[in-house]
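*Asks:* Predicted model and sequence follow; I will ask about them next.
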Amino acid sequence: MQVKTRHTPSFGVARVILAPGEAVQAADDAMIASSFGFIEVPAARGGARGHGRSGPSVFTAPAKGGWIDLAPAGPGDVYPLEFTGRSGWCVAKHAVLARPSSVRVDAGWTGLQTLFGSDAGFLEHYSGTGPLVLACAGPVDQLNLEPGELITVRPGFLLAYPDTQQVRLRAVDPSGPQSIRTGEGLALDFAGPGMILVQARKSRN
């Protein structure tokens, strides 16, 4: 699977190029167009999805391979995050536009359980190899932390960070409203060395 982007950073489109029989998972309403012959297997219906989002479909390339163009529902950038298999990534829950079968979501990953407890938070853990395509509300910035450097990031602007990164979740105002599902009232403190991906506009989700 290869990813080429265009119309960035304001109205990003990801062209996913697949080998014969290779598949990519994406929301069915994210598809703009594809080369002829793709097979789409829609997500199972049922259950509350919220946010007006469609469930993920699986798009499989025909015998000659092909391409499929994908775009998020609103304006913003698209960003292919390459997984090498050396470490996983913690990714903003609603930022994933598309993923190959070689990148998996790890429900119940212990690092996020440590961060959020038993509740589902605003991050998901992914691992594997290949490009995970992210939908971003604005252009992507890479923040590189020197050893011992400390920074604070608000959840609405966070895209992803490697799971080897030191991080702490805290309340901005302990007496104010807080939600680990949306990140409201919370902040993330990161300690270097490391690298954090943030978006230049706040997430719409």
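*Replies:* Now that the structure is in, tell me what you want to look at.
*Asks:* beta partners of C90?
*Replies:* H125, Y161 (DSSP bridges).
*Asks:* what's around the nearest residue to Q165 once chain neighbours are set aside, how many residues?
*Replies:* Leaving aside its sequence neighbours, Q165 sits nearest to G194 (CB to CB, 6 or more residues apart in numbering; 4.3 Å). C-beta here means a position set from N, CA and C on the backbone, and glycine is covered the same way. Residues lying near G194 (other CB atoms under 10 Å) number 19.
*Asks:* right, and G194 touches V153 too?
*Replies:* No. Contact status for G194 versus V153: not in contact, 11.6 Å apart, counting by CB atoms under 8 Å.
*Asks:* who's in contact with the residue nearest to Q165?
*Replies:* G194 makes contact with N144, L145, Y161, P162, T164, Q165, Q166 under the criterion CB atoms under 8 Å, 6 or more residues apart in numbering.
*Asks:* Can you add secondary structure, distance to A200 and neighbour count and give those back as TSV?
*Replies:* Shown next, in TSV, are the contacts of G194 (DSSP: H, G, I helix; E, B strand; the rest coil; distance: CB to CB, whole Å; neighbours: other CB atoms under 10 Å):
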residue	secondary structure	distance to A200	neighbour count
N144	strand	16	10
L145	strand	18	18
Y161	strand	17	24
P162	strand	21	14
T164	coil	25	13
Q165	coil	20	20
Q166	strand	24	13
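*Asks:* by contact count, what packs against the helix-or-strand element of the chain with minimal mean pLDDT?
*Replies:* Of all helical and strand segments in the chain, the minimum by mean pLDDT, DSSP states H and E falls on helix 110-116, at a mean of 90. Counting contacts by 3 or more CB pairs under 8 Å, 6 or more residues apart in numbering; DSSP states H and E, helix 110-116 is packed against strand 123-136, strand 166-171.
*Asks:* outside of it, which residues touch it?
*Replies:* With CB under 8 Å, 6+ apart, helix 110-116 has contacts from C90, G121, L123, E124, H125, D163, V167, L169, I180.
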